[in-house]
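In: take this sequence and fold it.
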Amino acid sequence: MDIHSKEITVEAEGFSDIQNITDEVRSFVRKSGYSEGLIHIFPIGSTASVSTIEFEPALVQDMKDKLEEFAPEGQTTRHGETWGDDNGFSHMRATMMGPGITVPLHDGEPVLGTWQQIVIINHDNRPRRRRIFLQVMG
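Out: Below you'll find the model as predicted:
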């Protein structure tokens, strides 16, 4: 098995801003030359997560609303009290969603449903340049 790796960056607003990175992942896979294998997508940092979603405005807002219900930004956390950065909610959101995903690669393309896109979610309480580590194994 061979492995091809690359780091990409995405500018993201805070408070669970969701950015579509499907095109970047597809471009990386095409350049790797692999046609069969696995693609791993991993955000570097403890306040971001990677997932899939139908990337359309209403569902993106629904997701942000659910994340706010789960771990409200105004909730007092021991982390925020300890470090004074008031982003304990962002760590909880990222941890519960999980940091990265693995997507099958078949016929040179990520195996995704018709309306399924790969996204990075910046849960932090400020804009961030999110670093994402990509690996394709084939």
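
In: and Ile121, what does it touch?
Out: By C-beta atoms under 8 Å, 6 or more residues apart in numbering, the residues touching Ile121 are 16-19, 48-51, 67, 93-94, 97. Quick note: C-beta positions are derived from backbone N, CA and C, even for glycine.

In: and it, which of the three is it?
Out: strand (DSSP: H, G, I helix; E, B strand; the rest coil).

In: next one: it from Ser35, what distance?
Out: Note on Ile121: its distance to Ser35, by C-beta to C-beta, to the nearest Å, is 29 Å.

In: so which other helices or strands are in contact with the helix-or-strand element of the chain with minimal mean pLDDT?
Out: For the chain, counting by mean pLDDT, DSSP states H and E, helix 78-83 ranks last in confidence among helices and strands (a mean of 91). If you count contacts as 3 or more C-beta pairs under 8 Å, 6 or more residues apart in numbering; DSSP states H and E, helix 78-83 packs onto helix 88-97.

In: which strands or helices does the helix it packs on pack on?
Out: For helix 88-97, the elements it packs on are strand 48-53, helix 57-70, helix 78-83, strand 117-122, judged by 3+ C-beta pairs under 8 Å, 6+ apart.

In: return the distance of it from the chain's centre.
Out: Centre-to-centre, helix 88-97 and its host chain are 12 Å apart (C-alpha atoms, centre = their mean, to the nearest Å).

In: okay then, goodbye and thanks.
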